[in-house]
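In: return atomic coordinates for the entry below.
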Amino acid sequence: MRQGDDASRLEHAVRQVLARVGAEAATLSWETGQDALPTLAVQISPEGKFSLQRLTLELEAAFHNLGGELKALPVLEAGGYGRAAFQGLLGRARLRLVVLREAAPPPPAKPKPKGDKPGKLAVILDDAGYSEAAVASLATLPPQVAVAVLPNAPASAAVAEALRAQGRELLLHMPMEPEGNGANPGDDALVVGLEPGEVRARLERALAVVGPVAGVNNHMGSRATSDAELMRHFMKALAGRGLYFLDSRTTPASVAASLAREAGIRTLRRDVFLDVVEDEGAVRSALATAASLARSKGQAVAIGHVHPLTLRVLHEELSRLSGVTLVRPSALAH
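Out: Model prediction:
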């Protein structure tokens with residue numbers, strides 16, 4: 001069977017599944033991966049009311065009936081980046097389906113005419129601190145790429161010191177409570193109900209581990225950042241230290257950025273997650289979206305992780321972006 005026939009069968013089957021579960025508003029687009037296989041990229045935003053369990057069962061049945069393969073992909077940062085993801089293979093066509101927790105970014109905008117100022121793009125890589133081995137890979141990236149270091153990982157202090165030696169801007173990746181019981185932000189996380197003194201103490205212990213940083217962003221935190229009382233305590237503890245706050249926006253209900261501004265803290269917000277799932281095509285597509293937003297809005301903030309796949313894509317693609325100037329996140333905080 002020809003590749004085009006497989007692609008047509010795949011898209012027809014997926015559209016039927018989406019219609020049956022009430023997710024017709026999903027965004028579908030075709031991409032070509034490095035292996036030349038056409039990939040149907042599907043993003044489902046949270047506005048649609050459908051059963052995730054039924055979507056899973058319907059997809060599994062559709063691929064089984066057509067003789068294809070379907071597997072669940074790990075969703076990164078269980079505190080709120082995504083709800084679920086799947087990868088399927090039907091003959092010579094591939095599916096990548098992601099169920100998001102927030103509205104998908106707008107489609108790529110047309111580049112501005114020549115002569116206009118380039119858009120500013122800040123890239124931050126989260127979750128550093130588990131291994132010193134990642135430091136060498138990070139050294140291959142432009143110095144404007146910032147890194148957020150966890151305070152409660154095995155090699156946090158050593159990794160932070162090595163990254164500072166690269167001249168790289170660092171953030172404290174402050175652990176915060178996620179929704180549900182399936183994800184653990186680690187020791188000394190900010191959780192709902194903490195007294196103000198304990199919030200300050202946990203922040204100060206975290207800063208003591210990671211060392212001098214330019215800013216702070218949340219690790220997980222979909223429950224914590226939507227709790228106004230906790231965020232007021234946190235911003236009061238953070239104020240006056242000369243640090244900016246980056247709201248990773250692991251939940252659309254986050255009040256962290258607005259309360260940071262109320263406390264007089266320079267603030268910025270994440271626009272795009274680069275690696276909701278560990279998939280090369282998805283990371284490249286997300287980076288292109290971030291660059292497009294930077295061109296159309298004048299600036300954009302993208303967050304990824306210190307995973308080998310993400311680092312490799314950034315190493316290959318950042319120098320190829322057109323109409324975009326890569327900047328440190330501190331340049332966009334206000």
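In: which residue is nearest the centroid of the protein?
Out: Residue closest to the mean C-alpha point of the chain, counted by Cα atoms, centre = their mean, is Phe273 at 2.6 Å.
In: what is the mean pLDDT for stretch 293-304?
Out: The average pLDDT within stretch 293-304 is 97.
In: and for the nearest residue to Ala7 once chain neighbours are set aside, the neighbour number?
Out: Distance criterion Cβ to Cβ, 6 or more residues apart in numbering; nearest residue to Ala7, sequence neighbours excluded, is Ala93 at 4.3 Å. Using the backbone N, CA and C atoms, a C-beta is placed for each residue, glycine as well. Counted with other Cβ atoms under 10 Å, residues neighbouring Ala93 total 22.
In: how about Ala93, phi and psi?
Out: phi -140, psi 150 (degrees, to the nearest 10).
In: residues touching it, list them.
Out: Counting by Cβ atoms under 8 Å, 6 or more residues apart in numbering, Ala93 touches 3, 6-7, 9-10, 37-40.
In: and the gap between Pro127 and Lys236?
Out: Just to correct that, residue 127 is Asp rather than Pro. According to Cβ to Cβ, to the nearest Å, Asp127 and Lys236 sit 27 Å apart.
In: the two: who's more crowded?
Out: More crowded of Asp127 and Lys236, by other Cβ under 10 Å: Asp127, with 19 against 16.
In: on the three-state scheme, the more buried one is what?
Out: Under DSSP: H, G, I helix; E, B strand; the rest coil, Asp127 falls in the strand class.
In: need the strands for the stretch 101-250 of the chain, in chain order.
Out: Per DSSP state E, counting those that start in this stretch, the stretch 101-250 of the chain carries strands over the ranges 119-128, 146-149, 170-176, 215-220, 244-247.
In: looking at Asp35 now. What's its pLDDT?
Out: Predicted confidence (pLDDT) at Asp35: the value is 77.
In: number of residues surrounding it?
Out: Per other Cβ under 10 Å, the neighbour tally for Asp35 reads 9.
In: equivalent analysis for Leu37, please.
Out: What Leu37 shows, counting by other Cβ under 10 Å, is a neighbour count of 17.
In: for it, what are phi and psi?
Out: When read as degrees, to the nearest 10, the backbone of Leu37 gives phi -80, psi 130.
In: tell me the bridge partners for the closest residue to it other than its chain neighbours.
Out: Nearest residue to Leu37, sequence neighbours excluded (Cβ to Cβ, 6+ apart): Arg94, at 5.0 Å. On the basis of DSSP bridges, Arg94 is bridged to Thr39, Leu89.
In: so what's Arg94 up against?
Out: By Cβ under 8 Å, 6+ apart, the contact set of Arg94 is 10, 33, 37-40, 87-88.
In: narrow the residues you listed to those that are buried.
Out: In the contacts of Arg94, burial by neighbour count holds for 10, 37-40, 87-88, counting by 16 or more other Cβ atoms under 10 Å.
In: make a markdown table out of those and add distance to Gly264.
Out: Output for the buried ones among the contacts of Arg94, formatted as a markdown table (distance: Cβ to Cβ, whole Å):
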| residue | distance to Gly264 |
| --- | --- |
| Leu10 | 52 |
| Leu37 | 51 |
| Pro38 | 51 |
| Thr39 | 46 |
| Leu40 | 47 |
| Gln87 | 45 |
| Gly88 | 49 |
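In: pick out the most distant pair among these.
Out: Farthest apart among the buried ones among the contacts of Arg94 by Cβ to Cβ are Pro38 and Gln87. That separation is 13.8 Å.
In: quick one: low-confidence ranges for the stretch 51-200 of the chain?
Out: Low-confidence regions of the stretch 51-200 of the chain, defined here as pLDDT under 70, cover residues 78-79, 104-116, 181-182.
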